[in-house]
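Trainee: Sequence first, then the predicted structure, then my questions.
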Amino acid sequence: MDPSLLLMLSSLMQLQNTFEPSSSSINDNNAPLLFFMLAAALCHAAAIYSHKTPNSDDDDNNNSDFNATNNNLLYNNLIISDRMRALDPHLRDTQFRTTYGLSYPLFTALLEQLKPYIPPHTINMPLHSALAMVLHRLSQGHSARAVASQYKADPWMVAKITNMITRVISTKLHPYYIGIPSGQRLLQTIQGFKELTGLPNMCGAIDGSHIRLHKKPNDEVIYKCRHNFYAVVLQAVSDHRKVFWDVCVRAPGGTDDSTHLRESSLFEKLTSAQVLMDSVITIRGHQLRPYLAGDWCYPLLSFLLVPFSSNGSGTPAQNLFDSALIRGKSVVEQAIGLLKGRWRMLQDMNVGLSHAPQTIVACCVLHNLCQLSGEPEPFMCRDPWENGPAARTTDSDKSISYFGETSRQALLEDFQEGHQRVSMR
């Protein structure tokens, strides 16, 4: 209770103790009743006052109402202060990761990267407060209304600032953190997958993931996915470090993985040989360009290899090869699990459908920022078991599908021979 209210109650009690009927028009029967009525009213006012007044002991200048009420160390006025920097780094960063999804040094680095793209006059609060609010929403998965109640802001303002910051992250920062590997980076990625799988020239793993929509869309049929909820599809390609190097959010939840791939800009770049052509090797007389590892929901192509079977029904050699390929493909599943585990907004997308793609891509950028910076990996949020239909081969795919078949067979024979040599040692 507020000290001033306590003082008022104390004074009232003293008044009651010294109250003389002869000095007042109030009679003996009504005086106690009046006292207790006033005391009850003051207690009720004190309860309301203490409930509505935020604790501002750690607020340096009390000029912001946008306080994270669930953690009194993380008031927005303190976020970029010397006092915050002086806190124990382990304690501070642990609390920051819990509230904002990343450590304090990473928060300040991200803040500096955003400053050139968000002038102060475009938002009605300090940028560090706005970024903290948006990261809190993305990491906790809260709606604009829930965040508004915590930060004492209007829901429409929370939504507006969320859309502004995710748009900047997904467009302006995207090229710095997500890009198709080439040159030395491509060679390092290939080597990383070789150490993981034993297969040469693998440069990425591809998978699709359904991002659940909080609200039912108008066109229910095309957004309802095979897991029986409404969603949009994220297509993601990651390297061996679980870092995304390509993402695409272009299809509603009812779209299968192979169709989404064909509609993506990555497919056009791969089929026209614009990318992943600077490390072609020869395997048993067949040229093998850098390729992606996928599952049976994707077509077999010269740049995308999939298992011989989905249930282990192939020959022993084929099953051995499939195990190695799936081991490589599993890194993108882990990357998506980390993405959804750290940015829980992607477990139940409660932004408008028109803003969902940029929000998802922004979370992918933030995921890469955390992975590349060595942030501790959060608990994974695994997708439901994949049970989609096998991919179909279109007429336009036939030539690159043939090269996919010959490349996979050559890899199988080379992998089997290498495995036999190791077994004989």
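Mentor: Alright, I've got the coordinates. Everything quoted here is computed from the prediction, not taken from an experiment.

Trainee: where exactly do the helices run in the stretch 51-200 of the chain?
Mentor: According to DSSP state H, counting those that start in this stretch, the stretch 51-200 of the chain carries its helices in the segments 82-85, 89-100, 104-114, 127-140, 144-151, 155-168, 174-177, 183-197.

Trainee: Of all these, which one is nearest Met424?
Mentor: Proximity of those to Met424 was assessed by C-beta to C-beta; the nearest stretch is helix 183-197, lying at 20.9 Å. Using the backbone N, CA and C atoms, a C-beta is placed for each residue, glycine as well.

Trainee: Tell me the buried residues in that closest one?
Mentor: If you call a residue buried by 16 or more other C-beta atoms under 10 Å, then helix 183-197 has these buried ones: Leu186, Thr189, Ile190, Gly192, Phe193, Leu196, Thr197.

Trainee: rewinding a little: just the helices of the stretch 51-200 of the chain: most buried one?
Mentor: Each of these was given a mean neighbour count from mean count of other C-beta atoms under 10 Å, and the largest, a mean of 23, is that of helix 127-140.

Trainee: Would you mind getting the angle between that one and helix 155-168?
Mentor: For helix 127-140 against helix 155-168, the angle between stretch directions is 90 degrees (axes from the mean of the first three to the mean of the last three C-alpha atoms, to 10 degrees).

Trainee: Neighbours of Cys342, how many?
Mentor: For residue 342 the amino acid is Arg, not Cys. Around Arg342 sit 25 other residues, with neighbours defined as other C-beta atoms under 10 Å.

Trainee: What does it show for phi and psi?
Mentor: Reported as degrees, to the nearest 10, the phi and psi values for Arg342 are phi -80, psi -40.

Trainee: That one and Ala335, how far apart?
Mentor: The span separating Arg342 from Ala335 equals 11 Å under the rule C-beta to C-beta, to the nearest Å.

Trainee: Ok, His121 next?
Mentor: Between His121 and Ala335 the computed distance is 38 Å (C-beta to C-beta).

Trainee: for Asp88, same thing?
Mentor: The separation that Asp88 has from Ala335, given C-beta to C-beta, amounts to 31 Å.

Trainee: Among those two, which residue is more densely surrounded?
Mentor: Of the pair Asp88 and Ala335, Ala335 is the one with more neighbours under other C-beta under 10 Å, namely 26 against 8.

Trainee: mind checking the SS state of that one?
Mentor: Each residue gets one of three states, and Ala335 gets helix by DSSP: H, G, I helix; E, B strand; the rest coil.

Trainee: which residues does it contact?
Mentor: Each residue near Ala335 by C-beta atoms under 8 Å, 6 or more residues apart in numbering is listed here: Ala236, Ser238, Lys242, Val243, Phe244, His367, Gln371.

Trainee: so what's the spatially closest residue to the last one that is not a sequence neighbour up against?
Mentor: Taking C-beta to C-beta, 6 or more residues apart in numbering as the measure, Gln371 lies nearest to Val243, with 4.9 Å between them; neighbours along the chain are not counted. The contact partners of Val243, by C-beta under 8 Å, 6+ apart, come to Ala335, Asn368, Gln371, Leu372.

Trainee: and what of His355?
Mentor: Each residue near His355 by C-beta under 8 Å, 6+ apart is listed here: Thr162, Asn163, Thr166.

Trainee: if we can go back for a sec, lowest-confidence stretch among the helices of the stretch 51-200 of the chain?
Mentor: The minimum mean pLDDT among those belongs to helix 82-85 (a mean of 72).

Trainee: Run the chain-centre distance for that helix.
Mentor: 27 Å (C-alpha atoms, centre = their mean, to the nearest Å).

Trainee: Repeat that for stretch 396-404.
Mentor: On C-alpha atoms, centre = their mean, the centre of stretch 396-404 falls 35 Å from the chain's centre.

Trainee: do the same with stretch 139-148
Mentor: Using C-alpha atoms, centre = their mean, the offset of stretch 139-148 from its chain centre is 14 Å.

Trainee: Please shift the residue numbers so they start at 891 in all later answers.
Mentor: With 891 as the first residue, the last one maps to stretch 1029-1038.

Trainee: Now do it: distance from first to last residue.
Mentor: 15 Å (C-alpha to C-alpha, to the nearest Å).

Trainee: Tell me which residues are up against that stretch.
Mentor: Taking C-beta under 8 Å, 6+ apart as the criterion, the residues outside stretch 1029-1038 that touch it are 989-991, 1023, 1026-1027, 1040, 1043-1049, 1052, 1104, 1232-1238, 1240-1241.

Trainee: do that again at 6 Å, thanks
Mentor: The contact list for stretch 1029-1038, computed with C-beta atoms under 6 Å, 6 or more residues apart in numbering, reads Tyr990, Gly991, Arg1027, Pro1045, Val1048, Ala1049, Arg1234, Met1235, Gln1237, Asp1238, Asn1240.

Trainee: Grab the nearest non-local neighbour of the fifth one.
Mentor: I take that to be Val1048. Leaving aside its sequence neighbours, Val1048 is closest to Ala1034 (4.2 Å, by C-beta to C-beta, 6+ apart).

Trainee: shaky segments in this structure?
Mentor: Low-confidence regions of the chain, defined by pLDDT under 70, span residues 891-972, 1276-1280, 1315.

Trainee: which strand is the longest one in it?
Mentor: strand 1092-1102 (DSSP state E).

Trainee: For Val1170, give me its contacts.
Mentor: Counting by C-beta under 6 Å, 6+ apart, Val1170 has contacts Gln1177, Arg1179.

Trainee: Roughly how far does it sit from His1176?
Mentor: Distance check for Val1170 against His1176: by C-beta to C-beta, it reads 11 Å.

Trainee: still on that earlier bit, in TSV, list the contacts of stretch 1029-1038 along with distance to Thr998.
Mentor: Putting the contacts of stretch 1029-1038 into TSV (distance: C-beta to C-beta, whole Å) gives the following:
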residue	distance to Thr998
Tyr990	11
Gly991	14
Arg1027	19
Pro1045	28
Val1048	22
Ala1049	25
Arg1234	23
Met1235	22
Gln1237	27
Asp1238	29
Asn1240	28
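
Trainee: Name the nearest of the contacts of Ala1225 relative to Ser1286.
Mentor: Scanning the contacts of Ala1225 for proximity to Ser1286, where the rule is C-beta to C-beta, the winner is Ala1126, at 24.0 Å.

Trainee: burial of that closest one, as a residue count?
Mentor: What Ala1126 shows, counting by other C-beta under 10 Å, is a neighbour count of 25.
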